[in-house]
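**Student:** Show me the folded form of this:
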Amino acid sequence: MNDAVRWVDLWAETGPLLERIRNQELRELDTSASIALLCGEADYHTAPFAPEPTSGLVEQQRLFARLMTKP
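**Tutor:** I've put the predicted structure just below:
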């Protein structure tokens, strides 16, 4: 068996295993801990680090609706 065929066969076998490991790690990920690692320790439940209560989508849609009704 040549090296290229062997390499493809190994990836065909290993790829799904690595994908399962990746998915398991993502399911077990602690989002708050990850944010703290990236951005530093902070209280993400109070301002200024707390997320906004909405995504802003409702406000955006309201703006678009107003723009569409103007002549």
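
**Student:** What's the local residue count around Ala36?
**Tutor:** 13 (other C-beta atoms under 10 Å). Any C-beta I mention is one placed from the backbone N, CA and C, and that applies to glycine too.

**Student:** State the phi and psi torsions of the closest residue to Phe49 other than its chain neighbours.
**Tutor:** Nearest residue to Phe49 in three dimensions, chain neighbours excluded: Ala42, at 4.7 Å (C-beta to C-beta, 6 or more residues apart in numbering). Here is the backbone geometry of Ala42 (degrees, to the nearest 10): phi -170, psi 160.

**Student:** could you point out which element follows the helix or strand of the chain with the lowest mean pLDDT?
**Tutor:** Sorting the helices and strands of the chain by mean pLDDT, DSSP states H and E puts helix 31-39 at the bottom, at a mean of 83. Following helix 31-39 in sequence order, the next helix or strand is helix 57-69 (DSSP states H and E).

**Student:** what's the longest helix in this protein?
**Tutor:** Counting residues, the longest helix in the chain under DSSP state H turns out to be helix 3-28.
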